[in-house]
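In: Okay, structure incoming, though there's no sequence with it:
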């Protein structure tokens, strides 16, 4: 297997893009990544997307995006893994290049969510839960995360306000990111007074509904230096899974899928949590940020929130 490197990147602003559709968002990100890499010819395109069928009325997204971006004829697939769809598409791209089946690959992630009503979007997001035993019983993603947060607070003795550092840090990061949706700070007192969506989850605990796209160009690492001034070698790419239904998990407050994938990545890269300088986690809800820190080995069980309270999560 060959080492793989990133030689180009591109993305759109994250926000409410009322004037463009799914294919346009993908086009803008892919064009930017190709321009960054100085690439015109590709072997494959992999598009990570979760909700195109439900919210945009569009499947066959791989071929659609390939055609719309002027890449008609290349191998093109849509990759879906709920909230991890973009990362899963990257995984497919890495395997294609590492195996020698492709030399130049574009991986994109795109979602177009704001054209649907909040009710439609909430129902669509619930499709990532267990359809028979959670979604069909009326469990939304907000409700599931509220259950997790309530249990975490009860089990480890925290207060709802203790989760404020996650929102404060996210907004601080966003103020330095021109592609972010919001560019204003959040103070702990504002977090404490935020409207509740599903107790104890508030507006500032949860991510907004929005649109956006990002893309990467991948190539063999031994060719990357000749094609890019500062290529980024992918030291590891791994996947782990758990039961989808929350009630089937050995412990709802342990993200076994994340624990498996990070431990495999550490082993593949020959590093540990102590060697990591930057960890970008999935934080659609602040409780998931805390649990992800624990699953990835940066905090012991029940200490993810403490890590944030101690000021250890900021750049």
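Out: That came through fine. Quick caveat: nothing in here was measured; it's all calculated off a predicted structure. Residues are numbered from 1 along each chain as shown.

In: CA atoms for contacts and neighbours, from now on please.
Out: OK.

In: you'd agree residue 8 is in a strand?
Out: Yes - assigned with DSSP: H, G, I helix; E, B strand; the rest coil, residue 8 falls within a strand.

In: Return the set of residues that bridge with it.
Out: Taking DSSP bridges as the rule, residue 8 bridges to residue 217.

In: And it, how close does it get to residue 137?
Out: Distance, residue 8 to residue 137, by Cα to Cα, to the nearest Å: 44 Å.

In: These two: which has the busier surroundings?
Out: Counted by other Cα atoms under 10 Å, residue 8 and residue 137 do not tie: residue 8 has more neighbours, with 25 against 10.

In: need the contact list for that one.
Out: 33-38, 216-218, 228 (Cα atoms under 8 Å, 6 or more residues apart in numbering).

In: what's the spacing between it and residue 26?
Out: Distance of residue 8 to residue 26, given as Cα to Cα: 15 Å.

In: burial count for residue 164?
Out: Residues near residue 164, counting by other Cα under 10 Å: 23.

In: Pretty sure residue 80 sits against residue 87.
Out: No - contact criterion Cα atoms under 8 Å: residue 80 and residue 87 do not qualify, at 9.6 Å.

In: Mutual contacts of these two, please.
Out: By Cα under 8 Å, 6+ apart, the residues touching both residue 80 and residue 87 are residue 48.

In: Assumed residue 233 was part of a helix.
Out: No - the assignment for residue 233, made by three-state DSSP, is strand rather than a helix.

In: Who does it form a beta bridge with?
Out: Judged by DSSP bridges, the bridge partners of residue 233 are residue 5.

In: Run a quick neighbour tally on the closest residue to residue 150 other than its chain neighbours.
Out: With Cα to Cα, 6 or more residues apart in numbering as the criterion, residue 150 has its nearest non-adjacent residue at 6.4 Å, and that residue is residue 200. By the measure other Cα under 10 Å, the count of residues near residue 200 is 19.

In: who's in contact with residue 224?
Out: 5-7, 231.

In: no wait, residue 272
Out: By Cα under 8 Å, 6+ apart, the neighbours of residue 272 are residue 266.

In: quick thing: my sequence starts at 27, can you match it?
Out: In the new count, where the first residue is 27, that last one comes out as residue 298.

In: could you give me the average pLDDT of stretch 88-99?
Out: Averaged over stretch 88-99, pLDDT sits at 97.

In: in that stretch, what's buried?
Out: If you call a residue buried by 16 or more other Cα atoms under 10 Å, then stretch 88-99 has these buried ones: 88-93, 95, 97.

In: got it, and stretch 118-136?
Out: Buried residues in stretch 118-136 (16+ other Cα under 10 Å): 118-124, 128-136.

In: Next: stretch 176-186.
Out: Buried, per 16+ other Cα under 10 Å, within stretch 176-186: 176, 178-179, 184, 186.

In: can you list the residues you listed in TSV and add pLDDT?
Out: Below are the buried residues of stretch 176-186 laid out as TSV (pLDDT from 0 to 100):
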residue	pLDDT
176	98
178	99
179	99
184	98
186	98
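
In: Give the buried subset of the contacts of residue 34 as a PyMOL selection command.
Out: To isolate the buried members of the contacts of residue 34 in PyMOL, using 16+ other Cα under 10 Å:
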select buried, resi 59+60+62+63+242+243+244+254
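
In: Of the buried residues of stretch 118-136, which belong to strands?
Out: In this view, those that belong to strands under DSSP state E are 131-136.

In: closest to residue 315 among these?
Out: For those, the minimum distance to residue 315 (Cα to Cα) is 20.8 Å, reached by residue 135.

In: was I right about the closest one contacting residue 74?
Out: Yes - using Cα under 8 Å, residue 135 is in contact with residue 74, at 4.4 Å.

In: which residues do the two both contact?
Out: The contact lists of residue 135 and residue 74 share 111-112, 115, where a contact means Cα under 8 Å, 6+ apart.

In: Tabulate those residues (TSV), appending secondary structure and pLDDT.
Out: Shown next, in TSV, are the shared contacts of residue 135 and residue 74 (DSSP: H, G, I helix; E, B strand; the rest coil; pLDDT from 0 to 100):
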residue	secondary structure	pLDDT
111	helix	98
112	helix	97
115	helix	99
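
In: For residue 205, state which of the residues you listed is nearest.
Out: Nearest to residue 205, judged by Cα to Cα, of those is residue 112 at 17.1 Å.

In: check contacts around the closest one.
Out: When contacts are counted by Cα under 8 Å, 6+ apart, residue 112 touches 73-75, 105-106, 134-136.
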